[in-house]
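Q: got a predicted structure plus its sequence, pasted below:
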Amino acid sequence: MNTETQPPSPRERFYRRERQSVPAARAFTRDTLADWGVRERSYDIVLCVSELTTNALVHGVPPGRGFLLRLLPLPYDGGVRVEVHDSGGGVPAVPQTDAPGEGGRGLLLVSELADKWGVGERDPGKIVWCDFVDPAGAAR
């Protein structure tokens, strides 16, 4: 992240429930990270955005609604928080088995790439977030 005295401002964008929203969210994230000067782990951050926004579209966004992607600088040098707000129910969890079939691997990826992740309450819905507190990945 740049070393200016003022930290970068959080950025957010709302996306409708449509297939084009995931690539648009990835592009928004890449542009934001470039503006903030975040280079380390940017691929991991964009990949987690892709997984979380896909999960929001598939599981958390009822018809006629959308989701909010919020990117926040953390108070650590180069740290970034990703938040995906949706209005769906349920609590996402990492699958506990290696059962065959598609799906369920997105949060496993997020849990491996991010330094921390979790789910917060929202009315209606939830916020699924992940933090990248160590830009070089040394904390993992």
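A: Everything's here; your move.

Q: what's around the closest residue to R16 other than its chain neighbours, how many residues?
A: Once its chain neighbours are removed from consideration, R16 has its nearest residue in G66; the separation is 4.4 Å (C-beta to C-beta, 6 or more residues apart in numbering). To be clear about C-beta, it is placed using only N, CA and C from the backbone, and glycine gets the same treatment. Neighbourhood size, G66 [other C-beta atoms under 10 Å]: 18.

Q: contacting residues for G66?
A: Each residue near G66 by C-beta atoms under 8 Å, 6 or more residues apart in numbering is listed here: F14, Y15, R16, R17, S21.

Q: now with 7 Å, please.
A: Listed by C-beta atoms under 7 Å, 6 or more residues apart in numbering, the contact set of G66 reads F14, Y15, R16, R17.

Q: and what of L71?
A: L71 makes contact with P10, R11, T29, T32, V80, V82 under the criterion C-beta under 7 Å, 6+ apart.

Q: kindly report the same for D35.
A: Residues near D35 by C-beta under 7 Å, 6+ apart: none.

Q: pLDDT value on it, please?
A: In this prediction, D35 carries a pLDDT score of 94.

Q: try M1
A: The model's pLDDT for M1 equals 53.

Q: closest one of the contacts of G66 to C130?
A: Distance from C130 was checked for each of the contacts of G66 by C-beta to C-beta. The minimum falls on Y15, at 17.5 Å.

Q: how about the helices in the protein?
A: All helices of the chain, identified by DSSP state H, fall at 21-36, 42-55, 106-113.

Q: among the ones you listed, which is nearest V128?
A: Taking C-beta to C-beta as the criterion, helix 42-55 is the member of these that comes nearest to V128, at 5.5 Å.

Q: that closest one to helix 106-113, inter-axis angle?
A: For helix 42-55 against helix 106-113, the angle by axes from the mean of the first three to the mean of the last three C-alpha atoms, to 10 degrees is 160 degrees.
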